[in-house]
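[1] dropping a prediction and its sequence here:
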Amino acid sequence: FQVKSENRKSIWNTEEVPEGSEFDDTWDPREQPEYEILFKQSVGTEDVFFGMTGKDPSTACCEDIVIKIKLPETKYSDITLDIQDKVLDLRTPKKKLLLHLPYPVNSKEGRARFLSEEEILEVTLRVSRQFDFINFA
């Protein structure tokens, strides 16, 4: 068994390194902010009253992940946010959050808004599952 590498001098393949590990910094003294992960699904009356579409309240039937991150004493301009398919990386001058997401997401279709009165960053990401077109068609 032989694995072909793009570069003969490299000691591992890019597939062997977990996504998001380039952001992991154990020496960074910034603390991790409090956060909450919520799941969101769109339902209609046929789901609520009749259960016709087969959706249930489990996370397997949810279309979006909503992450609420508490950032006290932070300005919107101080926030750096990077979202990849399986990783959310948030940096501020005082806080740092590297979050491995429970499901792969479509990183190009996410949206974020900063609620300045509550000092909360709310990130909404569309879940990207491989067989959703079959399960929820």
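    Now that the structure is in, tell me what you want to look at.
[2] next, the buried residues of stretch 119-130.
    Judged by neighbour count (16 or more other C-beta atoms under 10 Å), stretch 119-130 contains these buried residues: 120-125, 127. (Glycine included, C-beta is placed from N, CA and C.)
[3] skipping its backbone neighbours, what lies nearest the residue nearest the centre of the chain in space?
    Taking C-alpha atoms, centre = their mean, the centroid of the chain lies closest to Leu101, which sits 4.4 Å from it. Distances taken as C-beta to C-beta, 6 or more residues apart in numbering put Lys86 closest to Leu101, at 5.4 Å, once the chain neighbours are dropped.
[4] list just the nearest of the buried residues of stretch 119-130 to Glu31.
    When the buried residues of stretch 119-130 are compared for distance to Glu31 (C-beta to C-beta), Leu121 wins out at 15.6 Å.
[5] separation between the closest residue to the closest one other than its chain neighbours and Glu15?
    The shortest distance from Leu121 to any residue other than its chain neighbours is 4.6 Å, reached at Ile69 (C-beta to C-beta, 6+ apart). Ile69 sits 30 Å away from Glu15, taking C-beta to C-beta, to the nearest Å as the criterion.
[6] so Tyr35 bridges to which residues?
    Ile69 (DSSP bridges).
[7] count of neighbours near it?
    17 (other C-beta atoms under 10 Å).
[8] could you do Pro29 as well?
    The number of residues near Pro29, taken as other C-beta under 10 Å, comes to 6.
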